[in-house]
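K.L.:
below are the sequence and a predicted model for it; my questions follow.
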Amino acid sequence: MTMELKPIQTEQEHQEALAEIERLWDASENTPEAARLEVLVMKVEAYEQAYILPSSIKERCIEFAKLEKLWLHHWRLLTGVTGGEDDYVICNQEGVFPTQYDDRELSLLSAEEAFEIGEVSVIEPLRFPCLPSELLRFVDQLIDVEVPDEFRVEVERLARGADSAADGGGEIVESAIGGDSKAGGKLPVKDAIAPYIRDLSERFPVFTAKRLYAEAEKESGSDRSPFLKHKKGEKLVLKECERECAQSTFGKVLSVIKNT
C-alpha cells in the first residue's frame, strides 16, 4: 500500500492526524502501522512549524503546558532537538534517552566535554507520553537544551497555583538589608538575586540563563552565593528566607541586566 505523503493543509486535518498518532502510538516496530505513525509525526511537525508556531508561539506554548500528555512531536517543537549526531540524546517514539558513551569515546573528548556528557548519561530518560512538568525537569538536566520561556513560565505558574501566579514570578522575601519598604520590609526575589546574577554574568558572559543557573547551583552554599546548598532535582533556595528561586525568574533578571 502506498503511504499518503500529502502534507497537512487545514486545522481539521491537523487534529485528525493528532488523534491517529495517539491511536497508533503503541504500534510494533517494522509494521505498516509503525511506518504510518512515523509519517504522521513528520507531517504534524511540518504543519505546526509552518503554520502554528511562527504566528502564535506564546499561545501554542501555553496550550502545550496545559496538556495532560506530551509526545515526541511536542518535544521536537519545544526544544528543536531531534537526536542527531550533535545531540547528547536519542529521540524516538518511546522517549528521549541520554546517549551512552564508552571509555574510548570519552577519551577522545576534552575534560570538560567528558564531564558534561558523563553528567547527562546518568539522567533518567524521558518517556512518552509525559507531563509538561516532567519534560521541563528533564530539559533542565540537559546541556544547552532550552524550551521557550512561554512554556516554562506557564508550567511553573500552573505548578504554583493561581494565587502565586498572580505575582508573575515576583516572589517576595525578607529584605537582606532590612528597613521599611513599600512591601512592608520585603522585596521581590528578582531584586534580591539581581546583584549576584550580575556578578555571574560578568564572570561567564557567554552563558545562557540555564548555564548560569547551573553555575549558581554549583556555587550555592558558599559565602559568595545568596542560596543555600543546592539539592539535586530541587530549585535554588535563598538563604535569607528559604524561598525558592525558579529558573524562569533567574532568566528574567538576566534579560533585564543584559538590556540595561
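P.N.:
Perfect, thanks for sending it.

K.L.:
leaving out chain neighbours, which residue sits closest to L24?
P.N.:
L37 (4.3 Å; C-beta to C-beta, 6 or more residues apart in numbering). To be clear about C-beta, it is placed using only N, CA and C from the backbone, and glycine gets the same treatment.

K.L.:
and what of E154?
P.N.:
Nearest residue to E154 in three dimensions, chain neighbours excluded: A65, at 3.7 Å (C-beta to C-beta, 6+ apart).

K.L.:
likewise K190?
P.N.:
V253 (4.9 Å).

K.L.:
name the element the one you found belongs to?
P.N.:
Assigning secondary structure by DSSP states H and E places V253 in helix 247-258.

K.L.:
before we move on, what about E146?
P.N.:
Here E146 is assigned to no helix or strand, by DSSP H and E.

K.L.:
which residues touch W75?
P.N.:
Each residue near W75 by C-beta atoms under 8 Å, 6 or more residues apart in numbering is listed here: 81, 91, 96, 126, 128, 135.

K.L.:
for G221, that is, sorry about that
P.N.:
Neighbours of G221 in contact, by C-beta under 8 Å, 6+ apart: 227-230.

K.L.:
ok, and the most crowded of those?
P.N.:
The most crowded member of these, judged by other C-beta atoms under 10 Å, is F227 (21 neighbours).

K.L.:
neighbours of the nearest residue to that residue once chain neighbours are set aside, how many?
P.N.:
Sequence neighbours aside, S220 is the residue nearest to F227 in space, at 4.1 Å (criterion: C-beta to C-beta, 6+ apart). Residues within reach of S220, counting by other C-beta under 10 Å, total 18.

K.L.:
do A214 as well
P.N.:
18.

K.L.:
wait, is it part of a strand?
P.N.:
No. Counting by DSSP: H, G, I helix; E, B strand; the rest coil, A214 is not part of a strand but helix.

K.L.:
ok, E242 touching P226?
P.N.:
No. Between E242 and P226 there is no contact under C-beta atoms under 8 Å: 11.7 Å.

K.L.:
can you pull out the helices in the stretch 51-200 of the chain?
P.N.:
Here the stretch 51-200 of the chain has its helices, by DSSP state H, counting those that start in this stretch, at 53-65, 72-79, 103-107, 111-121, 132-139, 149-160, 162-165, 189-203.

K.L.:
re the thing from before, quick check, pLDDT for the residue nearest to L24.
P.N.:
pLDDT for L37: 85.

K.L.:
burial count for it?
P.N.:
Number of residues near L37 (other C-beta under 10 Å) recorded here: 21.

K.L.:
touching, it and I21? I think so.
P.N.:
Yes. With contact defined as C-beta under 8 Å, L37 reaches I21; the gap is 6.5 Å.

K.L.:
what's stretch 246-257 in contact with?
P.N.:
Applying C-beta under 8 Å, 6+ apart, the external contacts of stretch 246-257 come out as 140, 149, 152-153, 156, 169, 171, 189-190, 193-194, 197-198, 201, 209-210, 212-213, 216, 235-236.

K.L.:
what comes up buried for that stretch?
P.N.:
246-254 (16 or more other C-beta atoms under 10 Å).

K.L.:
dump those to JSON lines, plus distance to D26 and pLDDT.
P.N.:
Putting the buried residues of stretch 246-257 into JSON lines (distance: C-beta to C-beta, whole Å; pLDDT from 0 to 100) gives the following:
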{"residue": "A246", "distance to D26": "35", "pLDDT": "77"}
{"residue": "Q247", "distance to D26": "34", "pLDDT": "77"}
{"residue": "S248", "distance to D26": "34", "pLDDT": "73"}
{"residue": "T249", "distance to D26": "39", "pLDDT": "77"}
{"residue": "F250", "distance to D26": "39", "pLDDT": "79"}
{"residue": "G251", "distance to D26": "37", "pLDDT": "76"}
{"residue": "K252", "distance to D26": "40", "pLDDT": "75"}
{"residue": "V253", "distance to D26": "44", "pLDDT": "81"}
{"residue": "L254", "distance to D26": "42", "pLDDT": "78"}
